[in-house]
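Peer 1: just need the structure, nothing else, for what follows:
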Amino acid sequence: MQPSEIDSLETEFVKTGASRITEKEIVKVIDKSGEIQKKFYQRGPLSRFVEDGRLFLAFVRDYWAKKYRRVPYGIIAAIVFTLIYVFNPLDLIPDVLPVIGVVDDATVMGACLLLVEQDLLVYKKWLGEVDKSDGKPDS
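Peer 2: A predicted model of the protein is given here:
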């Protein structure tokens, strides 16, 4: 398989998973955000995604709190699916297996980043604008 074929399979996996996301899963991510964030730590296997994981969680929180809604639901669903996948220790390859157990998490995370990259950049810009203003987001 060529790298582009692998990327395509990974992104299709995320798209398929995202298509099944409901509000219940969004609430689950919000409720478990502290635990999910622990998966993204500096020295762990997902260390390359520390900033992205935190940004994903902030994105979902701001969406759910109706602070930031300039994003298609499918983007939020892809991020929620990915966070739930990373949080779940018994996904396709259980996380208890050394090294390989988190490789699938990193692969799904990378695929999601490919899918949501543009929306994530717009959100980051919005965050910067909110930080510079009075802290109140514009709608």
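Peer 1: tell me how far the residue nearest the centre of the chain lies from residue 132.
Peer 2: Taking Cα atoms, centre = their mean, the centroid of the chain lies closest to residue 79, which sits 3.5 Å from it. Taking Cβ to Cβ, to the nearest Å as the measure, residue 79 falls 25 Å from residue 132. Glycine gets a C-beta too; all of them are placed from N, C-alpha and C.
Peer 1: residue ranges with poor pLDDT in this structure?
Peer 2: 1-7, 42-46, 89-102, 133-139 (pLDDT under 70).
Peer 1: if we go to 90?
Peer 2: Scanning the chain for pLDDT under 90 picks out 1-13, 16-17, 34-51, 53, 85-110, 128-139.
Peer 1: quick one: list the elements packing against the top helix by length along the chain.
Peer 2: With secondary structure taken from DSSP state H, the chain has its longest helix at helix 100-132. Judged by 3 or more Cβ pairs under 8 Å, 6 or more residues apart in numbering; DSSP states H and E, helix 100-132 is in contact with helix 3-18, helix 50-64, helix 73-87.
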